[in-house]
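> Quick one: sequence plus predicted model below, questions after.
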Amino acid sequence: MLLRRARAQWPLLAALLLVVVIGATLLGVCALLVTSSADRAREVAASRATGTEVTAYTVAIGAADAASVAADTADVLIEALRPFPAEPRGRAASIVRGLPDVKGAVAYLGGVQDLPGRATLVTGRWPAAAGETVVLDTTARLLDLSPGSRVRLGAEHGRDPAPGMGLTVVGVVRALPGAGWDRDPLGGAGYDPAFRDGSSLQPARAFGPFLIGYRELLSNGSALARLEVTATPDLSDPDHRDLVRVTASVRAADARLSAVVGDRVQIQRISSRLPSLLLTDAERQRVTTSAVLSVAVLGAVLTGTALALAGRLTAGVRASETALLTAMGTSRPQLALRAGTEAGLLALAGAVLAVPLSSLVHSALTRTAPLSGAGLGTDPLVTGVQVGVVFGGALLFAGLSTRTGAQEWPSVARAGGDVALAVLAIGGWWQLRSTESTGVDAVRVLAPGLLLVAGCALVLRLVPPALGAADRLARGARGLAFPLAVFEAARRPRATAAGLLVTLGCAAATFAVAFGGTWQKSQIDQADLAVGTDLAITLSTPALAGQGQRIAEAVGGTVGPAGDRGVAIGQWLGAGDPPHLVATTSPGRVPVEGIPLAEGAALRITVSRAPGVSVTPRLILEEATGLRTTCVASAVPLDGRTHTISGCVPAPGQQLVTVMLPVTADFFSFDAPTTIDMDVTIAIPGRGEWIATSAEPYPEQVLSPAVTVTGKALRMTAQVQIGGNPDAALNLVATAFGDPGRIPVAVAERFAGELSLKPGDQLDMMVNTTAVPITVAEVVPAVPSAPGAPALRADIDTLSRALLLRGDPRYPIDAWWVTDPRDPDAAAGLHLGETVTRTGEAERLSNGPTAAALPAMLRLLTPAALLLVLAGLIVHVTCDLQARAVEVARLRGLGMSRRDIRTTLLGQHGLVLVPLLTAGTLVGALATWTIGPLLVRSESGSAPNPAAAPVWPWAAEAGLLAVLFTTSLLAVTVVVTVLARRADAAHLRVTS
């Protein structure tokens, strides 16, 4: 019987099978996206990650333990990174030694594995034997060293000190940027005039490192001040299970290192961004999975609606058949068994078709943007999870299409259902709005489908009144076709039987397009705020003179220095997150008018006579980009002579803007301070107005500071009190600019809230170790490059001036910001540090491996919704016309032409489509405005910063509605044309 009925009703069953296949295919694609593609996404994200090295730091290691600690540390790292291969690389620095040939100076030994990859030779060769060393160019310049020079290093400053030693300089090198020199005791600078390491109460002049072989340093009897071992895992082809393991093992490696090295070291720790990077990728993938599942649920709801409609219409078509079977004695269980068998066969056929189809669709989806660009392209594959989901979904869908009788449609449009759905939808919206759940959350998965169904159920209440109004207006129209069409649309309940399907399909499609736009715009906004500029280059080593010009030549655009660091506000260090300072170049910056210096110029400095007293000139130079660099000269004794300072102008376009003269003396007395007259003249042709001041703390020990600029020289004079307070800076500062006073800053809302600040409030900010007065100029929602942080923003030039006037020569630069770069990719070739672009970050957030599945799924939902609406409409129109065959035949018998009949039927369904599509669009827009922004998450799973704003792409939505209406009307036209031809007098005679 089932086979005979199937042959007779094959168009209807084919439509039901089509809907089941569409829904099951959508579920199968979703299953592949959240399993196979999700695992692959984490693997690709890990393979593309930078900064994955794992570094072990150990401090204060005895000479006898140096080699064993280095070997054990390397073993701990190798074990933590298994199964990924990694080759540990070491860097070590000895404790300081005296430098007998330079009074009051210290030096230290350094050993770096793979030194040729971390420095470049300026002259000479690399060390090849014991007793040979190479030095940084700054050290060579200040100590007048060259290949062939002999250097004597004294005994170590520590317990059980190693004896002095002699070294032969065989080469002079320059540190390469981005090669880890920021972790050198002197930061790769080669010299520090005020070095403190705890071995002495007073700061010392420090030179180094004197680089020898790494293995030689571990075995030559030197105690180590610090040892650093770094291992970078090979993540070129990772497995997601191994990524989970290595995340846990690296996090536990710190405790294991502590147990292994024991008391052979004073301090030890393991530092790595790898676990946080992998955990962030995993969380981002869970956020994407949650969003993909919500789209899949929406597609399943739409499929269920189409099949429920088809089930009701099928039951109506088979009402006479069911009545006949019942009259013949067929029981309800038998009818149910027949229906269940038909549903099972339908589910089996649908699943068999949907499994390969979902694999093909998934493969095609991964080979198109954005999944292809994310590296997730794959061949068709079948997984157990996919098969289970497809068969389970097909069985559920087929069950919805099976009815044993033409019962009342259990529509959610009834009053009780309306209220229940509305309550649930409001509850879901409230949960989304009031909770900060992360990962795969049931509320986020179910909320979009629930809200759309509830909105469609409620808005359908407005369709009958609208059609009733049209009916009243059509009564006065001439002709028969149009009034009859309006009458049928307004007064026949069956005419709007597909209302929920059409409305929900339109709502789902419009919401998918709008939510995709909302999500994409939010990712761009997050990238804009996180980067703060078009191109940011975070420096891994101190900025060098001429660096800004080299960046400008390589990448183009407008280049400016930027600071990005933690600070203290008075004694306040933050509540949870520390205060964050972002210092950038303000538009319209007025450069300082300093004293221009030629590249490579040697400066002659003439000093007054004061036995036992010396000055260490610090010359601060400024280039066109605003960068200020410091040249620290060797100590100049106040001997009444002229001395030469060379090597301070390594790049063109430099001008002298500040001179600092810190004073040191061989003698000191608390009780009988000595006052000396200091007079220092630098032979350079000056210009402009300069001011002189005494740097804090205790500036009163430098009296009568003065500076005179003439066409031939810059002269600085003061009376310096030697003795008195030992913490006095004794630093005479001359600048080409005045005191900027309190620095105006813009503070983030979070920062202002935590300190209850308002515009005009005054504070003190600790930058480096210098207190700088600031005033709150404005409160802003967030500070660029510091989203969500308690941050403040200042002008870097003004901040630098305030620091220089307080005796702090360190320019507060941490990065270079570039606006409108011509070739941003060229920045990576400079090897200055980590580079990130605004467009690159937006691309990573929106189309990266762990995020690309969401826009792909949204693009799949729109055509799926269109197909389901068309299939449902075809079933609805087919069943409606079959049920009205006698009515159509009677109209033909009354003399109505087939053309008028077609016009009436098309008009009826067209009139119904317009309000339904309008209602669906309104529901889609309502969902976009209410829950669209709430569904957008940041990559950590928290609310995005800045907050997401709804986007309604008018052009795309108009095109979608045009396609929906046109294709729906076309499908109705085809069905009406085919079935209307069968309406003739034979129907009437047979029925009579």
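That came through, no problem. Numbers count the residues shown, from 1 in each chain.
> C-alpha only now, for contacts and for neighbours.
Fine.
> Which helix or which strand is home to G208?
If you go by DSSP states H and E, G208 is part of strand 204-212.
> and that strand, what does it pack onto?
Identification of packing neighbours for strand 204-212 by 3 or more C-alpha pairs under 8 Å, 6 or more residues apart in numbering; DSSP states H and E yields strand 105-112, strand 132-136, strand 191-195.
> Would you format those as a markdown table with mean pLDDT, mean neighbour count and distance to V783 included?
Listed next are the helices and strands packed on strand 204-212 as a markdown table, based on pLDDT from 0 to 100; neighbours: other C-alpha atoms under 10 Å; distance: least, C-alpha to C-alpha, whole Å:
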| stretch | mean pLDDT | mean neighbour count | distance to V783 |
| --- | --- | --- | --- |
| strand 105-112 | 92 | 23 | 39 |
| strand 132-136 | 94 | 26 | 39 |
| strand 191-195 | 81 | 18 | 34 |
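> could you dump the ones you listed to TSV with distance to A422?
Output for the helices and strands packed on strand 204-212, formatted as TSV (distance: least, C-alpha to C-alpha, whole Å):
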stretch	distance to A422
strand 105-112	68
strand 132-136	73
strand 191-195	70
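> In which helix or strand does L964 reside?
helix 954-980.
> Any buried residues in that helix, and which?
Using 16 or more other C-alpha atoms under 10 Å as the test for burial, helix 954-980 gives 957, 960-961, 964-965, 967-969, 971-973, 975-977, 980.
> How far away from the center of its chain is the strand holding G208?
Put simply, strand 204-212 sits 40 Å off its chain's centre (C-alpha atoms, centre = their mean, to the nearest Å).
> so for the next helix or strand along the chain from it, what's the average pLDDT?
Next helix or strand after strand 204-212 toward the C-terminus (DSSP H and E): helix 214-219. Per-residue pLDDT values over helix 214-219 give a mean of 92.
> and if you look at stretch 369-379?
Stretch 369-379 shows a mean pLDDT of 89.
> can you pull the buried residues of it?
369-378.
> Tell me the one among those residues nearest to S669.
S669 lies nearest to A374 out of those, by C-alpha to C-alpha, at 69.7 Å.
> residues near the nearest residue to that closest one once chain neighbours are set aside, how many?
Of all residues beyond its chain neighbours, the one nearest A374 is P849 (4.7 Å), with distances taken as C-alpha to C-alpha, 6 or more residues apart in numbering. A count of nearby residues for P849, using other C-alpha atoms under 10 Å, gives 30.
> Please identify the helix or strand for P849.
For P849, there is no enclosing helix or strand under DSSP H and E.
> got it, and the one 5 residues further on?
The secondary structure element spanning L854 is helix 853-883 (assigned by DSSP H and E).
> again with V246
helix 240-261.
> Can you name the residues in contact with that helix?
Outside helix 240-261, the residues that touch it by C-alpha atoms under 8 Å, 6 or more residues apart in numbering are 39-40, 42-43, 54, 69, 72-73, 76-77, 80-83, 268-270, 274-275, 278-279.
> Sort out for me which of these are in strands.
54, 268-270 (DSSP state E).
> Taking those, tell me the two that lie furthest apart.
Between any two of the ones in strands among the contacts of helix 240-261 (C-alpha to C-alpha), the greatest distance is 13.5 Å, for V54 and Q268.
> Among these two, which residue is more densely surrounded?
Each of V54 and Q268 has its neighbours counted (other C-alpha under 10 Å); V54 has more, 24 against 21.
> Setting aside sequence neighbours, what's the nearest residue to that one?
V54 sits nearest to S272 (C-alpha to C-alpha, 6+ apart), 4.7 Å away.
> Who are the contact partners of that neighbour?
So S272 contacts 52-55 (C-alpha under 8 Å, 6+ apart).
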